[in-house]
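Chemist: need coordinates for the following:
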Amino acid sequence: MADTNADVKKMPFERAIEELETIVKELEGGKVPLEKSVEIYERGEVLKARCEELLRQAEARVEKITLDASGKPTGVEPLDVD
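Modeler: Got it, this is the predicted structure:
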């Protein structure tokens with residue numbers, strides 16, 4: 001299964017989340033044969049992990065604007081997400 005999911009490692013967030021939403025709809029529809037359900041569920045797990053990875057990377061890059069005593073912007077610093 002790893003080979004069939006290799007494309008996910010390079011997939012942008014928007015594409016991964018779109019495919020994940022499609023998988024959820026298919027599974028919720030209940031009309032997918034069991035073997036196919038397991039297959040697309042496994043792909044969904046890989047897509048979910050990719051989305052989480054990309055969100056963590058984006059979160060690490062988010063910065064907040066720092067202000068001086070008078071309220072004027074002085075620059076940026078990493079956002080403390082803890």
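
Chemist: where does residue 66 sit: helix, strand or coil?
Modeler: Put simply, residue 66 is strand when judged by DSSP: H, G, I helix; E, B strand; the rest coil.

Chemist: and for residue 76?
Modeler: Three-state call for residue 76 (three-state DSSP): strand.

Chemist: that one bridge partners, please.
Modeler: According to DSSP bridges, the partner residues bridging residue 76 are residue 65.

Chemist: hang on, isn't it packed against residue 66?
Modeler: Yes. Using C-beta atoms under 8 Å, residue 76 is in contact with residue 66, at 6.5 Å. C-beta here means a position set from N, CA and C on the backbone, and glycine is covered the same way.

Chemist: which parts of the chain are strands?
Modeler: In the chain, the segments counted as strands under DSSP state E are 63-67, 73-78.

Chemist: export those strands as CSV, with columns for mean pLDDT, distance to residue 46 and mean neighbour count.
Modeler: Below are the strands of the chain laid out as CSV (pLDDT from 0 to 100; distance: least, C-beta to C-beta, whole Å; neighbours: other C-beta atoms under 10 Å):
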stretch, mean pLDDT, distance to residue 46, mean neighbour count
strand 63-67, 71, 30, 10
strand 73-78, 73, 29, 10
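
Chemist: export those to a markdown table and tack on distance to residue 42?
Modeler: Output for the strands of the chain, formatted as a markdown table (distance: least, C-beta to C-beta, whole Å):
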| stretch | distance to residue 42 |
| --- | --- |
| strand 63-67 | 36 |
| strand 73-78 | 36 |
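
Chemist: now do the phi/psi pair for the residue lying farthest from the centre of the chain.
Modeler: If you look at how far each residue of the chain sits from its centre, by C-alpha atoms, centre = their mean, the farthest one is residue 70, at 38.5 Å. In terms of degrees, to the nearest 10, the main-chain angles of residue 70 are phi -90, psi 0.
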